[in-house]
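Peer 1: Quick check, what structure comes out for this input:
(chains A, B, C and D, ligands or ions: 4)
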Amino acid sequence: MTATLEKGATPARTGRQLTYVKAYNEALHQVMREDEDVFVIGEDVAGYGGVFHMYDGLLTEFGPRRMIDTPISEAAIVGLGVGAASRGLRPVVDIMFMDFLAVCLDQVVNQAAKMKFMFGGDVRVPLVITVASGAGLGAGAQHSQSLEAWLAHTPGLKVAMPSSAYDAKGLMVTAVRDDNPVIMMLNKKLLGAKGDVPEEIYAIPFGQATTVREGSDVTVVALGRMAVEAAAAAEQLAGEGISVEVIDPRTVQPLDTDAIVASARKTNRVVVVHEAVTFGGLGGEIAAQITDIAFDHLDAPVMRIGAPFSPVPFSPKLENAYVPDRAAIAAGCRRILERS
Amino acid sequence: MTATLEKGATPARTGRQLTYVKAYNEALHQVMREDEDVFVIGEDVAGYGGVFHMYDGLLTEFGPRRMIDTPISEAAIVGLGVGAASRGLRPVVDIMFMDFLAVCLDQVVNQAAKMKFMFGGDVRVPLVITVASGAGLGAGAQHSQSLEAWLAHTPGLKVAMPSSAYDAKGLMVTAVRDDNPVIMMLNKKLLGAKGDVPEEIYAIPFGQATTVREGSDVTVVALGRMAVEAAAAAEQLAGEGISVEVIDPRTVQPLDTDAIVASARKTNRVVVVHEAVTFGGLGGEIAAQITDIAFDHLDAPVMRIGAPFSPVPFSPKLENAYVPDRAAIAAGCRRILERS
Amino acid sequence: MAKAGGTPTLEAATVEGLGADELLDLHRRMVRIRVFETEAGTLMEAGELPGFLHLYVGQEAVAAGAMATLTDADQITSTHRGHGHAVAKGAQFRPMFAELFGRLDGYCRGRGGSMHINDLSIGMLGANGIVGAGLPIAVGAAFASWYRGDGSIAMTFFGDGASNIGTFHEAANMAAVLKLPVVFVCENNGYAEFTPQARHMLLEDVADRAASYGMPSEVCDGMDAVAVKLAVARSVERARAGDGPSMVEAKTYRYYDHQGVKGLRIPYRTQEEIDAWKKRDAIELLEARAVADGVLGKDVFEKVWAQTRADAEDAIAFAKASPEPDPADVLLNVYTTEA
Amino acid sequence: MAKAGGTPTLEAATVEGLGADELLDLHRRMVRIRVFETEAGTLMEAGELPGFLHLYVGQEAVAAGAMATLTDADQITSTHRGHGHAVAKGAQFRPMFAELFGRLDGYCRGRGGSMHINDLSIGMLGANGIVGAGLPIAVGAAFASWYRGDGSIAMTFFGDGASNIGTFHEAANMAAVLKLPVVFVCENNGYAEFTPQARHMLLEDVADRAASYGMPSEVCDGMDAVAVKLAVARSVERARAGDGPSMVEAKTYRYYDHQGVKGLRIPYRTQEEIDAWKKRDAIELLEARAVADGVLGKDVFEKVWAQTRADAEDAIAFAKASPEPDPADVLLNVYTTEA
Ligand SMILES: Cc1ncc(C[n+]2csc(CCOP(=O)(O)OP(=O)(O)O)c2C)c(N)n1
Ligand SMILES: Cc1ncc(C[n+]2csc(CCOP(=O)(O)OP(=O)(O)O)c2C)c(N)n1
Ligand SMILES: [Mg+2]
Ligand SMILES: [Mg+2]
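Peer 2: Numbering: from 1, shown residues only, chains lettered A, B, ... in the order given. Ligands and ions are numbered 1, 2, ... in the order given. Got it, this is the predicted structure:
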């Protein structure tokens, strides 16, 4: 019934199409069926099904004991999750927009993340915190951020960034079964994107990158939705005779350094791309790791593509220019090839 | 009366010795004298003078209108600062331990940092948030963090990390006069460290690194207290015939990329060191910038030295091993020289 | 008193104690909100506006009544549902609509959008996308008033749902302890998004929470602009007199969905409930009462409507013609660069 | 009733309704705290302990009385001043002292220190270095009790100062709305660090804040372990009966400084005030009353003291002999690796 993908295994695609949000939702249906200790809590997750439809149908199947609406109290919501998890339940806490983590970050980074370590090991905190991240919807500076860099910098947390419906399901299954606090970052612009999603329950191991596309001239390491853009850029560049390998780390904590470095060694040129602002983003971490390990293989410095150093602007015109896209990635690939 | 140091200027040392915390305190005395709009607010800052003595004597001189004790309400304290700053006052908000930013981060990153941008420019937020950062005092996982990476990744904020009494004063003067929100990170282990501090008021410009020591074999870019450790390591390595240049960026946002890259071009080898955990720390950012700009000058990949990927441990034995020190920096320098 | 989220049982609006000028002022503020919001809703439905839109229609009496007690020197902070506050405080239609379209002539030069409209020249310290975040900022604005002793005060608006978040508690206590001139105005529309009040708190009156801070409070009819103005005026007076903060709760209702115009999914409210509240529409109530009492004539009100509609039409045309911001300028205003 | 931070005016301790066993149990818990903390203070003064130390001496009646109503299945969350809660809940001296020294046999294997002592086997979910952070975690523990229907409950301790932070408000409201079996115990010692209560809130009783959540509450004499036990027991009963959360405020006093033993700086409290509270020392009160009432003899108490001192001596020796953690193991327990 339950498949956990082995490292490097190619997951079975069945042709069954589901949206990203439905895939996440199906994962929850399935893990809640298999484990009575899983429950979902957050603002408007039960009666309304979540503002992004993430929780549709769950109240009907699992009832109000396992699907809980709360007051607007993010710190207490996460704190409740921490307390319940420390007692062996497996809470899925919904914090709606990723930006709202700022009102409850203490419970995430000082409590959930550190509890096991500070306690000397005698506790498990199997907590999933789901947030909707990313720009591109005209939601403005306080509803559009990609803050994975804060979380991946926090020992004790794991951070998943699915870029496809397939991954949204498989990573969510793993997240819920994991005995550590996991931040599940769903990209708002991908919610309606359809993809191949097997009906059976399956788990995608954390720390296992996926090669979205093989190539030989340049590697693009792309986080979250940027994997989709990178794949499109690769497609376009193929027409120009440039062969691009696209690597999606799937989780940024843990990070599959091996897979990234292996690709770097193969292509000798790497572009790292994420939605977050470049300065202080994980592009720096990934670039530094690659450079440290594969310095002699690099024909050019690792290139980083991210957002410029400003809050996310509202105007669609500005926002479109702000968020990296396939054109920016393709341009980056061309540039790095010229440079080396 | 007021000196603002020009880029590259060597500040006049007078031989007057002051501790780091007294230097910070003196800056406040002086800026509060010069500007009636400056006030200080936080928990136990007035009557008690701050748990680290940062505010000693200010209540006596400036009275309870300008020195305000508050309830334990960090979000409201920062929020009050944002509101007062948006009306033209110049609040200095004390948040005690840097770790506590997690309980009020929304006001810092979603309000103070973004307000000007979101508002279309029509506001200034001249707010200083002072925090005590760093490990080494057995204060445990929730009272020892160095979280500059979160803040430097947030457009709209500036982040200062003084490593000496001289800088504590000069950077604080600049922080208070700056029309943007500034995070002033005082290192707890340096509070009692004495250094040369001129009596007159002086301002150290943000984004201007200082060369703590000149050298030719390897550059160490060291943040905050690590500059002190790096200088000690350099001293030791000099005895071994290794010439180390130590660069202290002083502010990590803005970052003096020019100075760092210039040194990298000169020595061809760079070690970046900070107290924060390596993964996702600013070491990645700095390494990526150097590599991007000075790739062809590097004889070895930029080496990063930071804390291992765990919360700060309590036991002094573990904590000492956890925080990078002069020995680790010296070892790193030797290693990078061997490698290249 | 109206039960939030339930059937309104309030008496008819009063016009007592207010002169014709004051009534007309309240009316004008309400109509401007209603027209602005209705037009914005129409534009959104037509797919012309990017982003989110939290409309204020139904709650006009609160913003109008409250803002009628303030001057431009007084500061307000607002919420995600901020258009009503901005309009009532005196914001102009042109830059407001331009901002909704994300244009250069918008209040935020297209950078902010609906949730960040602000106008410092009239003391509007901004809408806010983070629930509860405006409360401590208003306390800070009040601190500046106190610090300067300039006689101005601050006012902060927040919903029933926002009264459950930590910043509400911290801001209220801080203001009380420091005795700052700030008025906390709770707009209780009975819902936090799709969750009815009874499921997010156990008290009927948010105002009762003021007791935790030793703060005076009162509840008023949020469909009656006169009642709101009178209640808020008492709090404003206390603030101006140096007697510290107060809380006013206005029982009100939003006609449209939490976001946008029409709810697309589960009916979390009954049509019956909506209709019952609409029967006590704030604008209609005020008009009917003023006419019945012979204070103002129908024609005066008609003129307000006509003028406001014309203003909106003009402003929408202006907004549509306003240029888009230039992507080359994306780093503009991240920092204040020179003093 | 005692005025926090002021002169205590409480009546003498009562022993009514409690049998000799129960009194002895309270006494033993209090003495264990007193001895543990006094020894810890001595060690700190001697420079033998790293880090911070927030001592519980003076407040023993609260932890003892409250914990006497719980079983090991019940969960508590604590604060920066957590030793008293741990000891009263049944934590052992050896791993506690070992933790203060940062040794491998400590409750946190030397990783946590004073502010993170925990013992899940007895339902002690940890001290906490972040003011207010334990409150929602206790609500989560209570949620687990409710979810499982196992009859257990949760209890959270917090100070007067902590009642001003957002998580207090959010946790209390959440517990009330979800009707969870949790008891909120406020230890009002009149100060938040060096700030007296009157300067951090305007109410005299923190317990009055429970009204904001529709939560029952009561105030009790925090120098009287019997009074605390009886008051907390009423709340515990409500929680176990499925009647939701309650709040109990105990008026108490800390004898030592906020951190460490002796305040080094400004005298934020008068010697007079300290002396007045010490006259109503919880342990002395209980002993005197029990002896006067003929319930227990002096010799019984003496034995407790002697035994406890011996335990502490043993534990300190054990702790000093415990190995230091190995720096090679620094990454241990950052994550749970295998199921
Ligand atoms: C911190 C935070 N949590 C959640 C949200 C999402 N959200 C936006 S409005 C809203 C409901 C607010 O309810 P209320 O305060 O009653 O205001 P109303 O919408 O009724 O005007 C929620 C939950 C948010 N913007 N910020
Ligand atoms: C969020 C946060 N803010 C501030 C502090 C610093 N601090 C530690 S204890 C304390 C005072 C707590 O007062 P109270 O809740 O009354 O507990 P008491 O110390 O009196 O037992 C403060 C301000 C902290 N640890 N966490
Ligand atoms: Mg509402
Ligand atoms: Mg206290």
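Peer 1: which parts of the stretch 201-339 of chain C sit against chain B?
Peer 2: Near chain B, the residues belonging to the stretch 201-339 of chain C are C:332-336, C:339 when assessed by CB under 8 Å from any CB of the partner chain. C-beta: built from backbone N, CA, C; applies to glycine.
Peer 1: what about chain C, any weak spots by pLDDT?
Peer 2: Counting by pLDDT under 70, chain C contains low-confidence residues at C:1-16, C:264-265, C:339.
Peer 1: can you tell me the residue of it closest to chain D?
Peer 2: Per CB to the nearest CB, C:G166 is where chain C lies closest to chain D, at 1.8 Å.
Peer 1: Excluding sequence neighbours, find me the nearest residue to that residue.
Peer 2: Across the structure, with CB to CB, 6 or more residues apart in numbering or on different chains as the measure, the residue nearest C:G166 apart from its sequence neighbours is D:G166 (1.8 Å).
Peer 1: doesn't B:S73 make contact with the one you found?
Peer 2: Yes: applying CB atoms under 8 Å, one finds D:G166 in contact with B:S73, separated by 7.3 Å.
Peer 1: where do the contact lists of these two overlap?
Peer 2: Here D:G166 and B:S73 share the contacting residues C:169-170, scored by CB atoms under 8 Å, 6 or more residues apart in numbering or on different chains.
Peer 1: near chain D, which residues of the stretch 101-250 of chain A show up?
Peer 2: Near chain D, when you scan the stretch 101-250 of chain A using CB under 8 Å from any CB, you find A:106-107, A:110-111, A:115-125, A:155-156, A:158, A:179-180.
Peer 1: Within reach of ligand 3, which of these are there?
Peer 2: Checked against ligand 3 using CB under 5 Å from the ion, those yield no neighbours at all.
Peer 1: Report the buried members of those residues.
Peer 2: Buried members of these, scored by 16 or more other CB atoms under 10 Å in any protein chain shown, are A:106-107, A:110-111, A:115-120, A:122-125, A:155-156, A:158, A:179-180.
Peer 1: In strands, which of the residues you listed appear?
Peer 2: With strands identified by DSSP state E, the entries of these that belong to them are A:K158.
Peer 1: in a helix, that's where C:V236 is, yeah?
Peer 2: Yes: the secondary structure assignment for C:V236 places it in a helix, going by DSSP: H, G, I helix; E, B strand; the rest coil.
Peer 1: any idea how far chain A is from it?
Peer 2: Computed with CB to the nearest CB, to the nearest Å, the distance linking C:V236 and chain A is 27 Å.
Peer 1: tally of neighbours for the residue of the stretch 151-300 of chain C found nearest ligand 1?
Peer 2: Ranking the residues of the stretch 151-300 of chain C by distance to ligand 1 (CB to the nearest ligand atom) places C:G159 first, at 2.2 Å. Using other CB atoms under 10 Å in any protein chain shown, C:G159 is surrounded by 27 other residues.
Peer 1: From ligand 3, how far off is C:V185?
Peer 2: Using CB to the ion, to the nearest Å, one obtains 13 Å as the distance from C:V185 to ligand 3.
Peer 1: Confirm for me that that residue is in contact with C:G159.
Peer 2: No: taking contacts as CB under 8 Å, C:V185 lies outside contact range of C:G159: 10.3 Å.
Peer 1: near chain D, which residues of chain C?
Peer 2: If contacts are counted using CB under 8 Å from any CB, the residues of chain C sitting beside chain D are C:164-170, C:173, C:176-177, C:199-203, C:208-209, C:211-215.
Peer 1: and those near ligand 1, which?
Peer 2: When CB under 6 Å from any ligand atom is applied, no member of these is adjacent to ligand 1.
Peer 1: quick one, strands of chain C?
Peer 2: With strands called from DSSP E, chain C shows them at C:75-77, C:154-159, C:182-188, C:191-192, C:195-196, C:217-221, C:246-251.
Peer 1: ok, now which ones touch A:I329?
Peer 2: A:I329 sits next to A:220, A:222, A:226, A:229-230, A:233, A:271, A:273, A:305 when contact means CB under 8 Å, 6+ apart.
Peer 1: hang on, the earlier thing: out of the residues of the stretch 201-339 of chain C next to chain B, grab the one that's most surrounded.
Peer 2: Note: the member of these with the most neighbours is C:N333, at 24 neighbours, neighbours being other CB under 10 Å.
Peer 1: Look up how far ligand 2 lies from that residue.
Peer 2: Look at C:N333 and ligand 2: by CB to the nearest ligand atom, to the nearest Å, they are 32 Å apart.
Peer 1: my read: that residue touches C:R111, true?
Peer 2: Yes: the pair C:N333 and C:R111 qualifies as a contact (CB under 8 Å) at a distance of 7.0 Å.
Peer 1: so what sits against both of the two?
Peer 2: Between them, C:N333 and C:R111 share the contacting residues B:117, B:119-120, judged by CB under 8 Å, 6+ apart.
Peer 1: Of the residues you listed, just say which sits nearest to C:A225.
Peer 2: Distances from C:A225 to the shared contacts of C:N333 and C:R111, taken as CB to CB, are shortest for B:F119 (28.5 Å).
Peer 1: just to revisit the earlier point, quick one: contacts for the closest residue to the residue of the stretch 151-300 of chain C closest to ligand 1 other than its chain neighbours?
Peer 2: Nearest non-adjacent residue to C:G159, counting by CB to CB, 6+ apart: C:E187, 5.7 Å away. If a contact means CB under 8 Å, 6+ apart, then C:E187 has C:59, C:62, C:81, C:157-160, C:222, C:250, C:252 as its contacts.
Peer 1: okay, and for the stretch 151-300 of chain A, where does confidence drop off?
Peer 2: When residues are selected by pLDDT under 70, none of them lie in the stretch 151-300 of chain A.
Peer 1: Can you show me the strands along it?
Peer 2: With DSSP state E, counting those that start in this stretch applied, the stretch 151-300 of chain A shows strands at A:158-160, A:182-187, A:194-196, A:202-203, A:210-213, A:218-222, A:244-248, A:251-253, A:270-277, listed in chain order.
Peer 1: quick one on the thing from earlier: please identify, among the contacts of C:E187, the one with the most neighbours.
Peer 2: These, ranked by neighbours (other CB under 10 Å): first place C:V62, 36 neighbours.
Peer 1: was I right about it contacting C:V228?
Peer 2: Yes: with contacts counted by CB under 8 Å, C:V62 reaches C:V228, the gap being 5.6 Å.
Peer 1: Might you enumerate the residues of chain C proximal to ligand 3?
Peer 2: Proximity of chain C to ligand 3 is confined to C:159-161, C:189, C:191 under the rule CB under 5 Å from the ion.
Peer 1: what would those look like in a markdown table with distance to ligand 4?
Peer 2: Below are the residues of chain C next to ligand 3 laid out as a markdown table (distance: CB to the ion, whole Å):
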| residue | distance to ligand 4 |
| --- | --- |
| C:G159 | 32 |
| C:D160 | 31 |
| C:G161 | 31 |
| C:N189 | 38 |
| C:Y191 | 37 |
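Peer 1: separation between the residue nearest to C:G159 and C:V87?
Peer 2: When CB to CB, to the nearest Å is applied, the distance between C:E187 and C:V87 equals 15 Å.
Peer 1: Also A:N320?
Peer 2: Per CB to CB, A:N320 is found 30 Å from C:V87.
Peer 1: Looking at these two, which is more packed in?
Peer 2: Set side by side, A:N320 and C:V87 show unequal neighbour counts under other CB under 10 Å, the larger going to C:V87 at 29 against 13.
Peer 1: list the contacts for the more buried one?
Peer 2: Taking CB under 8 Å, 6+ apart, one finds C:29, C:32-33, C:36, C:63, C:93, C:96 in contact with C:V87.
Peer 1: Counting neighbours, which of the residues you listed comes out on top?
Peer 2: Busiest of the contacts of C:V87 [other CB under 10 Å] is C:A63, holding 33 neighbours.
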